[in-house]
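**Student:** here is my input; please provide its structure:
(2 chains)
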Amino acid sequence: MIERILAMMTKELRQMRRDRLMIGMMFAIPIVQLMLFGFAINSDPRHLPLAVEYNDHSQLTRSIDAALRNSTFFEVTRIAGPGEADRLVRRGDVQFVVTIAPDFTRDLVRGHRPQLLLTADATDPTATSGAVNAIGLAVRQGLSHDLIGPLADRADRLPAIDVVTHLNYNPEGITSHNIVPGLLAIVLSLTMVMMTAMAVTRETERGTMENLLAMPLRPIEVMIGKIVPYLLAGFVQTAIILLFAALIFHVPFQGSVVLTVAVTMVFIAVSLALGFTFSTIAETQLQAMQMSFFYILPSILLSGFLFPFRGMPGWAQAIGEVIPATHFMRLLRGIMLKGWGVAEALPEVAVLAVMLLVLGTVAVMRYRDTVA
Amino acid sequence: MTVPLTIDVAGLTKRFAGRTVVDHFDLQLGEGRICGFLGPNGSGKTTTLRMICGLLIPDEGEGQVLGLDLRSERAEIKRRIGYMTQRFGLFEDLTIRENLDFVAQVYGLDHRRRRVGEALDRLGLATRADQLAGKLSGGWKQRLALAACMLHEPRILLLDEPTAGVDPQARREFWDQIHALARTGITVLVSTHYMDEAERCHEIAYIAYGVMLARGTTEQVVVASGLRALTGEGPGADRLAADIEARPGVRTAAAFGAALHVCGTDLAELRTAVSPWADQIRWTETPATLEDVFIDLMRHASDHSVQARP
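**Tutor:** Predicted coordinates:
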């Protein structure tokens, strides 16, 4: 019996060795998973971008600035001018804006408990919750060095300042408001990429590709004919998720539906082109599926779907930037939760358009109307 | 009688990763001719067919198919010829009718319903039109595939081992159909491993290691080979193959039932070679067969070639 089991094992190992892609996946997946879960992902995000709007300049405000900069929670990226705060938060350039009122120092000295306005982009509650507390703490600690001598009693009567928090876009911090639009990006990535990759590979695997190629079908015709049915499937998926989002999860829909549909079309096209490119590389459906899986993994983990994008280390953000889902997710959250218009959507759409162009070119170039 | 050439290629050469799979292949084939394409596995038959039907671009060589240039007019060639792949190339998860309808639409045929209906009637599959193609037996699949590649009424049919795994009766019917098509002026180039099929062709082309080794009608190829044969009958004749093959002047020796078939180029040498067994076994001269020629060609491919032009 042992002999027969050994025979089976030997055969299995030999076959495994011939499938290079599978071997690669077998070693790459644990390494990639370790890197992603070990380093990239952080449910307690740090280094979130924060801007401070100073309408008052004094030793005290400089202390606040220093305190924020010293905190590992924030990356004080820029000092915004008046009125720029909303725009930065809306575009998603910064996660927080701290606004210091014109009479901040005077009121503090007089013991009037001045307000410190914290505006947060709360679309992703996980990114904001911890940080909101950290800001109050950092500011008070920063000021404690200055509130000495005659001002010492201000520190005693803590809190000397009143941190007013404005949670924009998702004031109640409902996770599903953020997750559901993101889910649309993930579901579309998963099904669109995998379905096309497998649909084309299936022809090769079943031996029908040679027959197709022998007929007067041009590559572009095969490609479009293959892709459009899945495009329709993608629309159905989109409709289902958006309906559920509205009716069951009550996700606010601030922006335009037309714009949402338009950007979704671009994203679906990118995913289909990617799937088609995979199919020109993979030889079997199994390989196509493995490649799709390899693509989906970072799409879920590095796109900002589950974990705050800004909370990831720089290298992980860099990888995230080249993943189409990242940009589509920003668009969806921007349009649905923040009411983005065309002007705000344009930069992200442009990135997707470039991806579509590159992938489309690769797919068409790799597709041959000859065998081998 | 000269018939117009439908396939006229010269010097076709294809290399894969530095290995020459087809080496300067020439073929002229007239209208209504059936040419059997023979050769051992991996000899370049499929590659040659693919070059002729526009699925592969030759590395060297020129040619015309139906008067169309093999390189620059590949798209038009694909439109006008029928190519039946070695593996069943239709969709197993579509019904018979859906498959035919798909093919008809790809070729942009008019009166699609009527054409598909007629094809189903001809096939005798009208009652099973809504059955999945994958459920058909090997013989029926092959008939369906032939019907599909005849749908657009091509003038040339390229068939790549169409009868592999098909029972004798279905093969017989298939060949009757091929002859019927040829009578209407269609040129057929068919690759096969079966000798009886080769003998049903008007002419044959034998290719090994990418090189054409024999060409002509069955008789021409046999005569050009110069092979002579002896058949030995008697007790234990069939067990002598290895002993006799080792003798000088014997090129091949093979048992057929209880008899032994011995081939060589010189009859006198052959007789000498079998003389030690002359007392128990009766040796008679028989004509060399096509199979003898091909086995011989296969074994001596590198040092021997037969060229007989019709």
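
**Student:** what's whichever strand or helix holds residue B:176 packed up against?
**Tutor:** Using DSSP states H and E, residue B:176 sits in helix B:168-183. Contacting helix B:168-183 under the criterion 3 or more Cβ pairs under 8 Å, 6 or more residues apart in numbering or on different chains; DSSP states H and E are the following elements: strand B:34-38, helix B:138-150, strand B:156-160, strand B:187-191. All C-beta spots, glycine's among them, are computed from the backbone N, C-alpha and C.

**Student:** 7 Å instead, please
**Tutor:** Other helices and strands packing on helix B:168-183, by 3 or more Cβ pairs under 7 Å, 6 or more residues apart in numbering or on different chains; DSSP states H and E, are strand B:187-191.

**Student:** the strand it packs on vs helix B:168-183, what angle?
**Tutor:** Between the direction of strand B:187-191 and that of helix B:168-183, the angle (axes from the mean of the first three to the mean of the last three Cα atoms, to 10 degrees) works out to 150 degrees.

**Student:** close to chain A, is strand B:187-191?
**Tutor:** No - Strand B:187-191 lies out of reach of chain A by Cβ under 7 Å from any Cβ of the partner chain, never closer than 13.8 Å.

**Student:** same question, stretch B:154-161
**Tutor:** No - among the residues of stretch B:154-161, none lie within reach of chain A under Cβ under 7 Å from any Cβ; the closest is 8.7 Å away.

**Student:** quick one: mean pLDDT for that stretch?
**Tutor:** For stretch B:154-161, the mean pLDDT works out to 95.

**Student:** list of residues touching that stretch?
**Tutor:** With contacts defined as Cβ atoms under 7 Å, 6 or more residues apart in numbering or on different chains, stretch B:154-161 is touched by B:6-7, B:46, B:49, B:52-53, B:65-66, B:80-86, B:149, B:181, B:186-193.

**Student:** mind telling me which residue of the stretch 201-310 of chain B is nearest chain A?
**Tutor:** Distances from the stretch 201-310 of chain B to chain A, computed as Cβ to the nearest Cβ, single out residue B:210 as the nearest residue at 15.2 Å.

**Student:** ok, that residue to residue A:112 distance?
**Tutor:** Taken as Cβ to Cβ, to the nearest Å, the spacing of residue B:210 relative to residue A:112 amounts to 96 Å.

**Student:** who has more neighbours, those two?
**Tutor:** Residue environment comparison for residue B:210 versus residue A:112 gives the larger neighbour count to residue B:210, 23 against 15, counting by other Cβ atoms under 10 Å in any protein chain shown.

**Student:** verify the contact between that one and residue B:24 for me.
**Tutor:** No - with contact defined as Cβ atoms under 7 Å, residue B:210 does not count as touching residue B:24 (8.5 Å).

**Student:** give the contact list for the closest residue to chain B within chain A.
**Tutor:** Proximity of chain A to chain B (Cβ to the nearest Cβ) peaks at residue A:211, 2.8 Å away. Going by Cβ under 7 Å, 6+ apart, residue A:211 touches B:85, B:89-90.

**Student:** repeat that with 6 Å
**Tutor:** If a contact means Cβ atoms under 6 Å, 6 or more residues apart in numbering or on different chains, then residue A:211 has B:85, B:89 as its contacts.

**Student:** go ahead and list the helix or strand containing it.
**Tutor:** In this structure, residue A:211 is located in helix A:208-214 according to DSSP H and E.

**Student:** check residue B:255 too.
**Tutor:** When secondary structure is defined by DSSP H and E, residue B:255 falls within strand B:252-256.

**Student:** the following helix or strand past that strand pairs with which strands, and in what direction?
**Tutor:** If you walk from strand B:252-256 toward the C-terminus, the next helix or strand you reach (DSSP H and E) is strand B:259-264. Here strand B:259-264 has these sheet partners by DSSP bridges: strand B:228-233 (antiparallel), strand B:252-256 (antiparallel).

**Student:** how far away from the center of its chain is strand B:259-264?
**Tutor:** Using Cα atoms, centre = their mean, to the nearest Å, the distance from the centre of strand B:259-264 to the centre of the chain it belongs to is 25 Å.

**Student:** stretch A:5-25 now?
**Tutor:** Mean-position distance between stretch A:5-25 and its chain equals 37 Å (Cα atoms, centre = their mean).

**Student:** what are the buried residues along it?
**Tutor:** In terms of neighbour count (16 or more other Cβ atoms under 10 Å in any protein chain shown), stretch A:5-25 has its buried residues at A:19, A:21, A:25.

**Student:** the helix with the most length in chain A and chain B, are they touching?
**Tutor:** Among all segments of chain A classified by DSSP state H, the helix with the greatest residue count is helix A:219-247. No - using Cβ under 6 Å from any Cβ of the partner chain, helix A:219-247 stays clear of chain B, with a minimum separation of 8.8 Å.

**Student:** buried ones in stretch B:167-174?
**Tutor:** For stretch B:167-174, burial by neighbour count (16+ other Cβ under 10 Å) applies to B:170-171, B:174.

**Student:** where in the stretch 201-310 of chain B is pLDDT low?
**Tutor:** Along the stretch 201-310 of chain B, the model assigns pLDDT under 70 to residues B:301-310.

**Student:** domains in chain B, as residue ranges please.
**Tutor:** Here chain B is described, according to automatic domain parsing, as comprising the domains B:5-221, B:228-287.

**Student:** out of those domains, deepest packed?
**Tutor:** With neighbours defined as mean count of other Cβ atoms under 10 Å in any protein chain shown, the domains of chain B peak in mean count at domain B:5-221, which reaches a mean of 19.

**Student:** now that one: how far from the chain's centre is it?
**Tutor:** Between the centre of domain B:5-221 and the centre of its host chain there is 10 Å, according to Cα atoms, centre = their mean.

**Student:** repeat for stretch A:301-318
**Tutor:** Stretch A:301-318 sits 7 Å away from the centroid of its parent chain (Cα atoms, centre = their mean).

**Student:** using CSV, write out every CA atom in that stretch.
**Tutor:** Listed in CSV are the C-alpha atoms of stretch A:301-318, where the atom choice follows Å, rounded to 0.1, in the frame of the first residue of the first chain:
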residue,chain,number,x,y,z
LEU,A,301,-5.9,44.9,1.4
LEU,A,302,-4.1,47.9,-0.1
SER,A,303,-6.9,49.8,-1.8
GLY,A,304,-8.2,51.4,1.4
PHE,A,305,-11.2,49.0,1.3
LEU,A,306,-10.8,47.6,4.8
PHE,A,307,-8.0,49.7,6.2
PRO,A,308,-7.3,53.4,5.9
PHE,A,309,-5.2,54.0,2.9
ARG,A,310,-3.3,56.9,4.5
GLY,A,311,-2.5,54.7,7.5
MET,A,312,-0.3,52.4,5.4
PRO,A,313,3.4,52.7,5.0
GLY,A,314,4.6,54.6,1.9
TRP,A,315,5.6,51.5,-0.1
ALA,A,316,2.1,50.0,0.5
GLN,A,317,0.5,53.2,-0.6
ALA,A,318,2.7,53.2,-3.7
